[in-house]
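>>> what's the 3D shape of this:
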Amino acid sequence: QLQLVESGGGLVQPGGSLRLSCVASGFPLNHYAIGWFRQAPGKEREGVSCISKTGGAMTFTDSVKGRFTISRNNAESTVYLQLNSLNPEDTGIYLCAAARDWDCLGKFETWGQGTQVTVSS
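Take a look at the predicted model:
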């Protein structure tokens, strides 16, 4: 059974950067599209970015375009989310999730526990 574990969160000042990792185990990562989501206090969970099974297609929500990048290394069973030019509105728990069918249009059925990102001076 696929399991996902996120890491890399922390406290960072506005304008700073973080790199989040999502490590998969239990099943080959190349069978899944991986999405990153964030949950901010008092707000709905939102999709931040997604990368297709092969890495050939990526999507980003408008608020992070030009600041965040996503990549994957299937051999290392890891997907990365690079967060640059962070601002306080990026604060939240970041979770990765896996979709087996229809790439980033599929249903995300397996979720990690999340990693906290706090942007504050």
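>>> quick one: contacts for the residue sitting nearest the centre point of the chain?
By C-alpha atoms, centre = their mean, the mean C-alpha position of the chain lies nearest to W36, the distance being 2.7 Å. By C-beta atoms under 8 Å, 6 or more residues apart in numbering, the contact list for W36 reads 20, 22, 47-50, 70, 79, 81, 94-97. For the C-beta atoms, the positions are set from N, CA and C on the backbone; glycine is no exception.
>>> Three-state assignment for it, please.
strand (DSSP: H, G, I helix; E, B strand; the rest coil).
>>> what about the contacts of W36, which are in strands?
Counting by DSSP state E, the members of the contacts of W36 that fall within strands are 20, 22, 47-50, 70, 79, 81, 94-97.
>>> and the residues you listed, which is closest to L2?
When the ones in strands among the contacts of W36 are ranked by distance to L2 (C-beta to C-beta), A97 comes first, at 10.3 Å.
>>> spatially nearest residue to the closest one (excluding sequence neighbours)?
Excluding its sequence neighbours, the residue lying closest to A97 (C-beta to C-beta, 6 or more residues apart in numbering) is F108, at 3.7 Å.
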